[in-house]
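S.K.: Sequence first, then the predicted structure:
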Amino acid sequence: MKPIQSPPGVGSSSGSRGLRARRKQELTLPLPQRDTALAVPLPLPPSSSSSISSSNPAPSASNHSSSSNGINFSELDRVNRVGSGSGGTVYKVIHRPTGRIYALKVIYGHHEDSVRRQICREIEILRDVDNPNVVKCHDMFDHNAEIQVLLEFMDGGSLEGKHIPQEPQLADLARQILSGLAYLHRRYIVHRDIKPSNLLINARRQVKIADFGVSRILAQTMDPCNSSVGTIAYMSPERINTDLNHGQYDGFAGDIWSFGVSILEFYMGKFPFAVGRQGDWASLMYAICMSQPPEAPLTASREFREFIACCLQREPGRRWSASHLLRHPFIVRNSHPQNQVHQNLHQLLPPPRPLS
């Protein structure tokens, strides 16, 4: 009687390798291919009346190339690059059928579902915002696997590097920023990255808060937001050093600190701490967390010195809210009619370019 032969591949190393190879081939499926030359709008999240949970699935791309506002991505022409950072690039674009100008924010990289959900929450924040001192969001597209956000274009650029020693002009600027912050805070929105480069101005002399890449809608439970996003030079002490304030972080008070540092920088024409804002992390942490908060110079008015002191308190609970600061004498006594505001802010705009 002949011995029973094992099936091919069983009981031998070569046969085992062949079986594994065949299984690997059988389980390998071709990845679906997408034409990256086509741009489709990502559906905007539901309105704020229906909350978005982190457990919800990530939104999928629509099958249409036109947006909910009737803007077709293919009808947008890039004019020039406005600015760029670690997260993406902003372009000035024109909508050919209407001639309207927009800003297109291109967010770098291929994103996982969790990151895509976070970006869509940013879009939800911007889409529902309706305030003259907050940049408006119009739509969101998926093009070449990159998320691209269509925003209101601010032709005056940012206030980065501006020196504004005139107190009436600075009060007008502060009032507009505070109006936007008060609106956001009433809606439980914390920006968490207020700084001069995120404050924009347009030809109508309106100052608006921009870049919600690190913002977050606080839950109704007012859970602390302890993430480390933002720009350390403008962060509050208790956010950098979690040992301060018993480890508690109030996002609203953190925005007020960042606002106060920015306003004082505008007045002084330089970063108000003893170190440069581009300094190393250890030097910035020591200056912000271990030293006394910066103060307005004695050459400033008493109202302005007190106004800055109301913003730059080491204890978050002692900082005034945005709504309270709008009633501070520095703001109230320097209030002017709208035309005077326009005249004061006019010099913040760059000179017009000569016609070609």
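M.R.: It's in.

S.K.: Do a quick rundown of the strands in the stretch 201-350 of the chain.
M.R.: 207-209, 216-217 (DSSP state E, counting those that start in this stretch).

S.K.: Worst mean pLDDT among those strands?
M.R.: For the strands of the stretch 201-350 of the chain, mean pLDDT drops lowest on strand 216-217, to a mean of 53.

S.K.: sec struct for I94, please.
M.R.: strand (DSSP: H, G, I helix; E, B strand; the rest coil).

S.K.: What are the neighbouring residues in contact with it?
M.R.: For I94, the contacting residues are 76-77, 79, 100-102, by CB atoms under 8 Å, 6 or more residues apart in numbering. Just so you know, the C-beta spots here come from the backbone N, C-alpha and C atoms, and that holds for glycine as well.

S.K.: Closest to Q169 out of these?
M.R.: Q169 lies nearest to I101 out of the contacts of I94, by CB to CB, at 26.6 Å.

S.K.: Go ahead and confirm that closest one touches Y91.
M.R.: No. The criterion here is CB atoms under 8 Å, and I101 misses it with Y91 at 11.0 Å.

S.K.: so what sits against both of those two?
M.R.: With contacts taken as CB under 8 Å, 6+ apart, I101 and Y91 have V79 as neighbours in common.

S.K.: hang on, the earlier thing: which of the contacts of I94 fall in strands?
M.R.: Applying DSSP state E to the contacts of I94, the entries found in strands are 76-77, 79, 100-102.

S.K.: Same list (those) but as a markdown table, adding neighbour count.
M.R.: Output for those, formatted as a markdown table (neighbours: other CB atoms under 10 Å):
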| residue | neighbour count |
| --- | --- |
| L76 | 21 |
| D77 | 11 |
| V79 | 14 |
| R100 | 13 |
| I101 | 13 |
| Y102 | 21 |
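
S.K.: Kindly check the end-to-end length of stretch 160-170 for me.
M.R.: End-to-end distance for stretch 160-170: 14 Å, by CA to CA, to the nearest Å.

S.K.: Now S291: closest residue in space, sequence neighbours ignored.
M.R.: Nearest non-adjacent residue to S291, counting by CB to CB, 6 or more residues apart in numbering: A274, 7.0 Å away.

S.K.: Was I right to think the one you found contacts Q292?
M.R.: No. Taking CB under 8 Å as the definition, A274 is not a contact partner of Q292, at 10.5 Å.

S.K.: Between those two, point out the one with more neighbours.
M.R.: Per other CB atoms under 10 Å, whichever of A274 and Q292 has more neighbours is A274, with 11 against 7.

S.K.: What part of this protein, helix or strand, is modelled with the least confidence?
M.R.: The helix or strand of the chain with the lowest confidence, counting by mean pLDDT, DSSP states H and E, is strand 39-41 at a mean of 42.

S.K.: Can you give me the buried ones in stretch 180-195?
M.R.: By 16 or more other CB atoms under 10 Å, the buried positions in stretch 180-195 come out as 180-185, 189-195.

S.K.: Could you dump those into TSV with pLDDT, secondary structure and distance to C137 added?
M.R.: Putting these into TSV (pLDDT from 0 to 100; DSSP: H, G, I helix; E, B strand; the rest coil; distance: CB to CB, whole Å) gives the following:
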residue	pLDDT	secondary structure	distance to C137
G180	96	helix	14
L181	96	helix	18
A182	97	helix	20
Y183	95	helix	15
L184	93	helix	14
H185	94	helix	19
I189	87	strand	13
V190	89	strand	17
H191	89	coil	14
R192	87	coil	18
D193	89	coil	16
I194	94	coil	18
K195	94	coil	20
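
S.K.: of these, closest to Q248?
M.R.: Nearest to Q248 among the buried residues of stretch 180-195, with distances taken as CB to CB, is V190, at 14.1 Å.

S.K.: Looks like that closest one contacts D255 (just checking).
M.R.: Yes. At 6.2 Å, V190 counts as touching D255 under the criterion of CB under 8 Å.

S.K.: in stretch 305-324, what's buried?
M.R.: 305, 307-314, 316, 319-322.
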